[in-house]
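Q: This is a predicted model, with the sequence first.
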Amino acid sequence: MHPHTVNEIRNRLLAWFAQYQRPLPWRTTYRPYHVWIAEIMGQQTQMERVAMYFLRWIEQFPDLAAVAAAPEQKILKAWEGLGYYTRARNIHRTALHLVDNGAMDIPADYQQLLALPGIGPYTAAAILSIAFNQPYPLLDANVERVFSRLADIDSPLKKASTKKQLTAMADTLLDRDQPRQFNQALMELGALICTPKRPACISCPLQVYCRAYQADTVAYRPLPIARDKKTDILMACGVLYKEDRIFIQQRLPDDIWGGLWEFPGGQLKESETPLHGALREIHEETGWLLERLDVLATVTHYYTRYRVTLHGFYGTLHPSCPEPILTAASQYAWVPLNQLHQYPFPAGHRQLVHILCS
DNA sequence: CTCCGGTATA
DNA sequence: TATACCGGAG
Ligand code: SF4
């Protein structure tokens, strides 16, 4: 790429960003703590959704010390609905670790950032450039899409050679005088103009330099990635009442939906009925043998490559029933219906909570 | 129901 | 290098 082109792309991008950037809440002060939280929330998550969670988070946890002082339960509740719950637990771990070592803030060093749980190459570069205005090039899905169109790249994004080419582009184009603005501008363009579907090339400041636009290959860039086909999973669970309280248990930390709460249950065995599966899972996970369960509702949700159909039942335990013997949970609680919403639930179980409350 | 998106781990 | 992790918009 000619130096003149590089310069033009930078200038056009920065001018566009200055005019059209979204007023995201961490963009007022660029406090490192704010940028860190926003970037972790932004992993695998659209920024529009992040903004709402971010504001609620900062209200509850205004700084690193507040995160460190908070119980994990409160952290997970603030994260409920964002998904990838390891991210929330990693924020907590990081805050604890930094405060323990006398740090007041997130480090401004690439290797130190990379060593923190939940921070990979993208997030480390994002924090350094956006919070500390240091010249680190970065590659996220937005940038990869913009670059693959700008250079009309005709090879799959996951190939190592393609990644190398994209990394080189990021390095060449980065405006080292204003990395904070430049990196954000690139990602913002990908989020607002150079979108995955129907990009607004007509309003794009880079159109005159865009190879894909010239070749009319925009719709085919980046090369589509083959998606996994969905696998069906059948599950069943039971909402168990003891007088006016409901039994819930907290999932093991390193499992899927780690640290979130749920009704006891699990995956059905081959050709097992939902009723039988619910009875069996409840027995395995708590030791309780229910004599009867009634149909509550069935909900469906999707995650990664699975389509989960969750059959919800409800049943009653005798007031003098023994304490549960947990085999799939770290702790349990007996909660009145109107307090269920205080606990973080996975999306599927949250649908059941919603049905119970209505 | 498809689509979108970084990190950790095997 | 492949796969697991998530939820909501559209
Ligand atoms: S012209 Fe279209 S495809 Fe090219 S960078 Fe701009 S929005 Fe993306």
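A: Yep, that arrived.

Q: what's residue A:196 in contact with, if anything?
A: Taking Cβ atoms under 8 Å, 6 or more residues apart in numbering as the criterion, residue A:196 is in contact with residue A:145. For glycine as for every other residue, the C-beta is placed from the backbone atoms N, C-alpha and C.

Q: Need the pLDDT of it.
A: Residue A:196 is assigned a pLDDT of 93 by the prediction.

Q: Likewise for residue A:2?
A: Value for residue A:2, per-residue pLDDT: 84.

Q: What count of nearby residues applies to it?
A: Burial measure for residue A:2: 7 neighbouring residues, criterion other Cβ atoms under 10 Å.

Q: Same check on residue A:156?
A: When neighbours are defined as other Cβ under 10 Å, residue A:156 has 14 of them.

Q: any idea how far the spatially closest residue to it that is not a sequence neighbour is from residue A:206?
A: Residue nearest to residue A:156 in three dimensions, not counting chain neighbours: residue A:223, with 5.1 Å by Cβ to Cβ, 6 or more residues apart in numbering. Computed as Cβ to Cβ, to the nearest Å, the residue A:223 to residue A:206 distance reads 20 Å.

Q: Compare these two (neighbour count), which wins?
A: Using other Cβ under 10 Å, the more surrounded residue of residue A:223 and residue A:206 is residue A:206, with 20 against 15.

Q: Would you mind confirming that that one is in contact with residue A:13?
A: Yes - counting by Cβ atoms under 8 Å, residue A:206 touches residue A:13, with 6.7 Å between them.

Q: show me the contacts for residue A:282.
A: So residue A:282 contacts A:238, A:240, A:264-265, A:288, A:290 (Cβ under 8 Å, 6+ apart).

Q: Show me what from the stretch 201-350 of chain A comes close to DNA strand C.
A: A:228, A:255-258, A:260, A:301-305, A:346-348 (Cβ under 7 Å from any atom of the strand).

Q: Among those residues, which ones are in strands?
A: Counted as lying in strands by DSSP state E, out of those, are A:301-303.

Q: Around the ligand, pick out the residues from the stretch 151-300 of chain A.
A: A:193-194, A:199, A:201, A:204, A:206-207, A:210, A:212-213, A:218 (Cβ under 6 Å from any ligand atom).
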